[in-house]
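In: pasting the structure only:
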């Protein structure tokens, strides 16, 4: 019986193989002529919703055919698992030209005759980084014009089947799918594939990849662009090669193309910042032995004789300054004169990056025919969800047509709920940060006691101080909390943005972007802001400490400063985020796809069809690029807002981005279904966010250098208080520590034990000693240092801002040659269109058309002359 079952299964498969003569990589209907532009899939499950779903599908597919699309259904018996139906959609020529005009798609009218740019003299040096010309420029450069059905003779239509690229075709079909009605439910007209996917009528809707990524298609009519992208772009071994941006744009559309163009440009610019940051780090490394402060701390005769006050109440003991010898030496790696130079350099670098990106973006707009593409075109295209949920209508002042709108009262209520939700989650982040601060305050004493009493930790006690142990564990805990909050808030942000019912797709993306960025900004940077600007600033002094919630004593900085702790915090959060991000982006989709396709590997090659292969891939959703941009913008904040504390941050970002480009390209080419092509002429609202962060970074770095590093106190001591002309910085450590008489300790603060009967202890501040008439009040040196810090902030900010604005003014947003090319193309395109109109008018005159008067002919010729003159 078992052998009979196997034999029947073999016959069934044999029948399917014989029935299907096409290659498994076929992207055509069964006739081998009509191209598959889109695929819908569904499962015919016999549950209580079955009849309703069947009715929706019939109505929807009937309306698609009425719109001119051609459908071909693959029965579930033909599918690999015997459960899934596939509906293949083809857009015939008549549909394509109709909607190309609606979507204002630009098409070729003449090959570009503008002389290309002169060869770069460095081309011979950069040759190893170049890709083959056919990969970099897969199609010739044309003059283009918006498509019009009435002027088909004007366009270079050699072959109707290939005139519109696959990405244009799937964009047109998707436009129809998102607006096609499928019936009326609960008195409301229902339409759009998105709703049908949400309610389970269809399980997936996607355009097809043109072949398998690891080998070319056997069909000669396929360009195998996916294979080319994989071989030349998506493999990590090609990390040093340039990106084939024109091919990316042709295959995936302008929106994805502009993202990879921006990411590649950002990575190139990071190279300069990484080199300068590495030089600054090496300067700190090579001058570590010359640092007088760490020499004095490590000297047994100086640091070994200085007794420091306990760092917590009751349980902590007095300690000698030289126990922080190693950490003070390491802090010099980042807290030195090069820090100031690097902070100023990064303020200028970020301006150069943003200005040069505008120029690069302007060049891409010209090359990709996006010069006349305005967001207003998208503004006129309402979201299907908006049309479906808004029952009231009013006249559009632009189009003069009746269209749905959301009443002002409803908008106000929705915005209030949305604002309250965002405020609640931001408050939750702040509460979690306070919880981490409380953790730091509560466990410090435990770490101090543990390291004092555990013999196995004694060998590393010099390197792993209680301060560092607390900082590292708190940073790790903070990172875990950040990831958990992110996971939940992403879903909340999408829900509240959906609830607001934005009018257009651009409005939707902008609102979601601002919500997500605000949350991520507070989530990722709040702990760094705490360490940089609050920790150790409001400690008080022995006998007069300040307390959080009147219970936990505020944290003190290490005697060598708080900068090393900020560096630790930044490294753990930034590196942890990048590692976790790459795991999520690469490993998770790979595992999901491997699990989904594990059965298909046993099937014969010509049984597992192209639409089934793509069906088993992951979905690259409408917000796929949003998360990529968000990840990079958060990284941009780490390397600009806090770069004064960690010069190696740009180097870490550079290494991550080299990997990021290949990971993103690999997953997009191999692990995801082909996304629907979309147009975009810029990176959108992210440009404004980057500009805002660039300005904020100047302020934060000025404050970090002034208040977090020890540079200003050292400079004040060097120029105003040093008494040793031969070694001006000697005595600085003793000068920066105030004296406290142990007998003045209140019972709450006094350590339980004082086995060596110390009389005085030292603490980090500038206060008068106990025998002075102004006992424990701030000295004049404190006020001198504070004035110097404020003066430094004002001077640094003004200098950097002046240089930034001067650089921005000096660099034009659009290169001169691109401006000339745009004007030349506009002139030639107008000339071609006018000549075409004139020829048509002559034909009408010759045919004796009474409407084609001599005056009309003269007016057309006059318009051509005027165009030439302009």
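Out: That came through, no problem. Keep in mind it's a predicted model, so treat the numbers as computed, not measured.
In: how about the helices in the stretch 601-750 of the chain?
Out: Along the stretch 601-750 of the chain, the stretches classed as helices by DSSP state H, counting those that start in this stretch are 610-615, 624-641, 649-666, 685-703, 711-716, 732-736.
In: so which of those helices is nearest residue 306?
Out: Smallest distance to residue 306 across the helices of the stretch 601-750 of the chain (Cβ to Cβ): 7.4 Å, for helix 732-736. Just so you know, the C-beta spots here come from the backbone N, C-alpha and C atoms, and that holds for glycine as well.
In: name the nearest residue to the residue positioned nearest the centre of the chain, ignoring sequence neighbours.
Out: For the chain, the residue nearest the mean C-alpha position is residue 629 (1.9 Å; Cα atoms, centre = their mean). Leaving out its chain neighbours, the residue that sits closest to residue 629 by Cβ to Cβ, 6 or more residues apart in numbering is residue 686, at 5.2 Å.
In: list the contacts of the one you found.
Out: By Cβ atoms under 8 Å, 6 or more residues apart in numbering, the contact set of residue 686 is 513, 629, 633.
In: same check on residue 411?
Out: residue 500.
In: need the phi and psi values for it.
Out: The phi/psi pair for residue 411 (degrees, to the nearest 10) reads phi -60, psi -40.
In: again, but for residue 47
Out: Backbone torsions for residue 47, taken as degrees, to the nearest 10, come to phi -100, psi -170.
In: I'd like to know how far it sits from residue 53.
Out: Counting by Cβ to Cβ, to the nearest Å, the gap from residue 47 to residue 53 is 9 Å.
In: those two: which is more packed in?
Out: A direct count of neighbours by other Cβ atoms under 10 Å for residue 47 and residue 53 places residue 53 higher, at 19 against 8.
In: how close does residue 768 sit to residue 780?
Out: 10 Å.
In: who has more neighbours, those two?
Out: A direct count of neighbours by other Cβ under 10 Å for residue 768 and residue 780 places residue 768 higher, at 17 against 9.
In: the more buried one against residue 777, yeah?
Out: Yes - using Cβ atoms under 8 Å, residue 768 is in contact with residue 777, at 5.6 Å.
In: OK, contacts around the residue lying closest to residue 94 once chain neighbours are set aside?
Out: Using Cβ to Cβ, 6+ apart and skipping residues adjacent in sequence, the residue nearest residue 94 is residue 68, 6.0 Å away. Residues in contact with residue 68 (Cβ under 8 Å, 6+ apart) are 91, 92, 94, 95, 98.
In: filter those down to the buried ones.
Out: 91, 95, 98 (16 or more other Cβ atoms under 10 Å).
In: take those residues and keep only those in helices.
Out: Using DSSP state H, 95, 98 are the members of these that sit in helices.
In: tell me the one among the buried ones among the contacts of residue 68 nearest to residue 31.
Out: residue 91 (15.3 Å).
In: per-residue confidence at that closest one?
Out: For residue 91, the pLDDT comes out at 94.
In: any idea how far residue 388 is from residue 69?
Out: Counting by Cβ to Cβ, the gap from residue 388 to residue 69 is 21 Å.
In: more neighbours: the two, which one.
Out: More crowded of residue 388 and residue 69, by other Cβ under 10 Å: residue 69, with 21 against 18.
In: report the beta-bridge partners for the closest residue to the more buried one other than its chain neighbours.
Out: If the residues on either side of it in the chain are set aside, residue 69 comes closest to residue 89, at 5.5 Å by Cβ to Cβ, 6+ apart. Beta-bridge partners recorded for residue 89 (DSSP bridges): residue 38, residue 71.
In: can you count the residues close to residue 89?
Out: Neighbour count for residue 89, taken as other Cβ under 10 Å: 24.
In: that one touches residue 36, doesn't it?
Out: Yes - applying Cβ under 8 Å, one finds residue 89 in contact with residue 36, separated by 7.1 Å.
In: in the stretch 701-850 of the chain, which spans are strands?
Out: 737-741, 760-764 (DSSP state E, counting those that start in this stretch).
In: mind checking which of the ones you listed is nearest residue 577?
Out: Closest to residue 577 of these, according to Cβ to Cβ: strand 760-764, at 31.9 Å.
In: measure how the closest one sits relative to strand 737-741, angle-wise.
Out: 140 degrees (axes from the mean of the first three to the mean of the last three Cα atoms, to 10 degrees).
In: tell me what strand 760-764 is packed against?
Out: strand 307-308, strand 737-741 (3 or more Cβ pairs under 8 Å, 6 or more residues apart in numbering; DSSP states H and E).
In: out of these, which is closest to residue 524?
Out: strand 307-308 (33.6 Å).
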